[in-house]
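1. Any chance you can model this:
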Amino acid sequence: MDCPYNLASNRQTRMLADLSLVGCYNVSTMSEDERWPVLLDSAKRNLKGMAFFGLTEYQRKTQYLFERTFNLQFIAPFTQLNGTRASNVEVHPETQERIRRLNRWDVELYDYARDLFLQRFQVARQQEHRQARVQRQQERRRLRGRFSQKQGRRLKPTETARPTGVETEEQQREMAAEDSVESEVLFPDWWDVDENSTMEDYIGNVEQW
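-> Have a look, this model is predicted:
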């Protein structure tokens, strides 16, 4: 932390930004107060332009967004591991505060990335909700159209099928099942599993790999 040339400070911002905007590593082109806001804005723009990015502490949301973005399915759910070996190391509060100050641009970039990530997740869920609702509506129309055809009358293209009140018991069950689907998007069985894993789980994985 005492080294002014330590590249560990604000590394994420620097890695995501266009360094040519500030003369690359030539720090004589502008002051630090001018340099870092330019780098931060560039990092935010580049991050926003990415089709996908994930966050370590949101493993399952990351998996969900990846699968939705690229239309791919993982064979197993991601595992949320919040414990690390470093968490056992005690760092004095004053030292922690100094680290935060030294990495203030990375902290701001992270806050932006988290908000953007959660917004994308929410939009993806809303899209899935709308798609599921359209599918349910199409299924209802199909069932009602099939019933009308069984009654010997085909619907005109401009007609909307309406319940006749004499549906068979089987058709009533099918429609009831459709109507009972909650508006909330349904997730796989593993979605609601506690995201917090124990330190033993984390260490076991580290030693295994």
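2. how far does the longest helix belonging to the chain sit from the chain's center?
-> For the chain, the helix that runs over the most residues, judged by DSSP state H, is helix 104-150. For helix 104-150, the separation from the chain centroid amounts to 12 Å (computed by CA atoms, centre = their mean, to the nearest Å).
3. Please apply the same query to stretch 11-31.
-> Using CA atoms, centre = their mean, the offset of stretch 11-31 from its chain centre is 29 Å.
4. Output it as CSV - backbone C-alpha positions only.
-> C-alpha atoms of stretch 11-31 as CSV (Å, rounded to 0.1, in the frame of the first residue of the first chain):
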residue,chain,number,x,y,z
ARG,A,11,-7.0,-3.0,-11.0
GLN,A,12,-10.5,-3.9,-12.2
THR,A,13,-11.2,-0.4,-13.3
ARG,A,14,-7.9,-0.2,-15.1
MET,A,15,-8.4,-3.6,-16.8
LEU,A,16,-11.9,-2.7,-18.1
ALA,A,17,-11.0,0.9,-19.2
ASP,A,18,-9.5,2.2,-22.5
LEU,A,19,-6.0,3.2,-21.2
SER,A,20,-5.3,5.1,-24.4
LEU,A,21,-7.7,7.8,-23.2
VAL,A,22,-5.2,8.7,-20.4
GLY,A,23,-1.9,8.1,-22.2
CYS,A,24,-1.7,4.5,-21.1
TYR,A,25,0.8,4.2,-18.2
ASN,A,26,2.3,7.6,-18.8
VAL,A,27,1.1,9.3,-15.7
SER,A,28,2.6,12.7,-16.7
THR,A,29,-0.1,13.3,-19.3
MET,A,30,-2.7,14.3,-16.6
SER,A,31,-3.1,14.5,-12.9
